[in-house]
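> turn this into a model:
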Amino acid sequence: RRLSRSRRVFGVSIGKASPEMHAGLHQSVPPSIWAGGIVVSLVPHLRVEGAEHWPGDHPVPGKRSAVAARNVARFLEDARLTPDDQVIICISGGTSSQIAGPPEGLSLAEMRTVYERLLLSGIDVANVNTVRRMMSALHNGGLARRASPARQLSLILTDIGRGGFEAVGSGPTFQSIDVTREAIEVLNRVITGPLLDKAVDAVLAMSIDIADPVDIVNENIGAPADALSAAVRFARSLGYRVSPVDEFLDCSASDAAEIIVGAVRDGAPPDRMASCAIAAGEVSVRVDGNGRGGRCQQVAWEAIPLLR
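Sure, this is the predicted structure:
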């Protein structure tokens with residue numbers, strides 16, 4: 001019904017799953033009203049039918065992310081959208097970094113440093129997203145504002161547990177909210193020196209851009225529990241005795257390792273049948289020294305002595 005009222009339909013797909021989401025979207029919209037699309041993904045040379053493509057960087061934004069953000073804004077501006085148009089936006093994990101351009105007062109290198117220190121500090125993803133929400137023009141409702149006055153539908157694949165699906169991608173398609181105070185509190189915990197002052201000033205400048213509501217519907221089309229269920233079914237089809245971890249692992253890598261190993265032991269078979277534990281979550285790792293981090297590898301490393 002929504003498409004039948006549309007003069008033109010545009011697609012915007014961003015995140016790790018953007019190519020697949022955009023392909024499905026393009027196939028679903030009648031060619032007579034499809035007006036074009038844009039895809040931002042991690043694959044540099046990917047081409048998606050019915051769309052222009054720009055690569056972004058992840059997990060820390062870089063030059064490609066800044067270019068992608070500018071081109072998404074340019075694509076929507078060039079469309080000369082009207083209330084009779086429909087913009088369908090597909091959002092998945094990784095969006096925060098892939099369309100992050102430095103805010104006024106911060107260079108790209110300085111924004112990268114802020115992101116890196118947040119990700120390596122060991123704080124949970126909800127706090128990371130609070131800062132990221134206030135760090136780029138397309139976050140915190142910025143994408144939806146640029147697609148106004150068209151009607152908008154946002155289809156979101158959720159990859160986080162805490163904060164709800166409105167936190168995916170730092171909320172580019174939700175109504176703007178002012179989390180200035182919370183973002184500054186997180187920055188004070190992680191950043192020091194002159195960079196802290198510049199980052200706080202950038203957040204304060206972004207807080208001014210809290211706009212009027214826009215016409216958008218956000219729908220959660222998939223969650224970690226869905227991925228967990230699919231993985232459990234697949235593992236069982238391979239002959240494993242599976243011990244699912246029901247809780248979303250929003251904790252440290254060491255705590256996650258204890259929970260997963262405990263699930264394996266609780267479900268250990270009396271025979272020699274292969275067994276596995278399957279969990280979903282977004283664990284945190286504090287990185288000291290020159291390590292790059294790696295959450296799943298850290299969970300595996302922490303689990304090794306527990307399995308002996």
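
> could you list the low-pLDDT ranges of the stretch 151-300 of the chain?
Residues of the stretch 151-300 of the chain meeting the criterion pLDDT under 70: 162-163, 208-212, 267-272, 293.

> now with 90?
158-167, 175-178, 205-215, 223-225, 227, 241, 246-248, 250-251, 263-277, 281-296 (pLDDT under 90).

> all helices of it, in order?
Counting by DSSP state H, counting those that start in this stretch, the stretch 151-300 of the chain has helices at residues 180-190, 193-207, 224-237, 253-266, 295-307.

> export the ones you listed to CSV and append columns for mean neighbour count and distance to residue 103.
C-beta here means a position set from N, CA and C on the backbone, and glycine is covered the same way. Output for the helices of the stretch 151-300 of the chain, formatted as CSV (neighbours: other CB atoms under 10 Å; distance: least, CB to CB, whole Å):
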stretch, mean neighbour count, distance to residue 103
helix 180-190, 18, 11
helix 193-207, 17, 4
helix 224-237, 14, 30
helix 253-266, 18, 31
helix 295-307, 15, 27
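
> for the nearest residue to residue 228 once chain neighbours are set aside, grab the count of nearby residues.
Once flanking residues are discounted, residue 228 sits nearest to residue 280: 4.4 Å by CB to CB, 6 or more residues apart in numbering. The number of residues packed near residue 280 is 20, by other CB atoms under 10 Å.

> quick one: residue 280 from residue 239, how far?
Between residue 280 and residue 239 the computed distance is 22 Å (CB to CB, to the nearest Å).

> next one: the nearest residue in space to residue 51 that is not next to it in sequence from residue 8, what distance?
Among residues not flanking residue 51 along the chain, residue 37 sits closest, at 3.6 Å (CB to CB, 6+ apart). Distance, residue 37 to residue 8, by CB to CB: 11 Å.

> higher neighbour count, those two?
Neighbours of residue 37 and residue 8, each counted by other CB under 10 Å, are more numerous for residue 37; the result is 24 against 18.

> paired strands for the one helix or strand that one maps to, with orientation please.
Here residue 37, judged by DSSP states H and E, is contained in strand 34-41. Applying DSSP bridges to the sheet, strand 34-41 is found paired with strand 9-14 (parallel), strand 52-55 (parallel).

> in the shortest one, what's buried?
Spelled out, it's strand 52-55. With burial defined by 16 or more other CB atoms under 10 Å, the residues of strand 52-55 counted as buried are 53-55.

> which of those residues sits closest to residue 138?
residue 54 (12.7 Å; CB to CB).

> mind checking pLDDT for the closest one?
For residue 54, the pLDDT comes out at 95.

> against residue 120, how distant is the nearest residue to it once chain neighbours are set aside?
In this structure, residue 54 finds its nearest non-sequential neighbour in residue 68, 4.1 Å apart by CB to CB, 6+ apart. Plainly put, residue 68 is 24 Å away from residue 120 if you go by CB to CB.

> higher neighbour count, the two?
residue 68 (26 against 18).

> name the residues of the helix or strand in which that one is found that come out as buried.
For residue 68, the host element (DSSP H and E) is helix 63-78. Residues of helix 63-78 classed as buried: 64-69, 71-73, 75-76 (neighbour count, 16+ other CB under 10 Å).

> got it, and stretch 156-164?
Those would be 156-161, 163, for stretch 156-164 by 16+ other CB under 10 Å.

> now flag whichever of those residues is closest to residue 89.
Residue 89 has its nearest neighbour among those in residue 156, at 8.6 Å by CB to CB.

> could you tell me the per-residue confidence at the spatially closest residue to that closest one that is not a sequence neighbour?
Counting by CB to CB, 6+ apart, residue 156 lies nearest to residue 91, which is 4.7 Å off, once chain neighbours are set aside. pLDDT for residue 91: 97.

> how many residues are close by residue 91?
Residue 91 has 28 neighbouring residues, counting by other CB under 10 Å.

> before we move on, back to that, give me the next element, helix or strand, following the helix holding residue 68.
Counting by DSSP H and E, what follows helix 63-78 is strand 86-91.

> specify the local secondary structure of the residue most central in space within the chain.
By CA atoms, centre = their mean, the mean C-alpha position of the chain lies nearest to residue 93, the distance being 3.1 Å. Recorded secondary structure, residue 93: coil (DSSP: H, G, I helix; E, B strand; the rest coil).

> quick check: it touching residue 167?
No: here residue 93 lies out of contact with residue 167, judged by CB atoms under 8 Å, at a distance of 11.0 Å.

> and for the two, which residues touch both?
By CB atoms under 8 Å, 6 or more residues apart in numbering, residue 93 and residue 167 have these common neighbours: residue 160.

> what's the first-to-last distance across stretch 36-46?
The first and final residues of stretch 36-46 sit 17 Å from each other (CA to CA, to the nearest Å).
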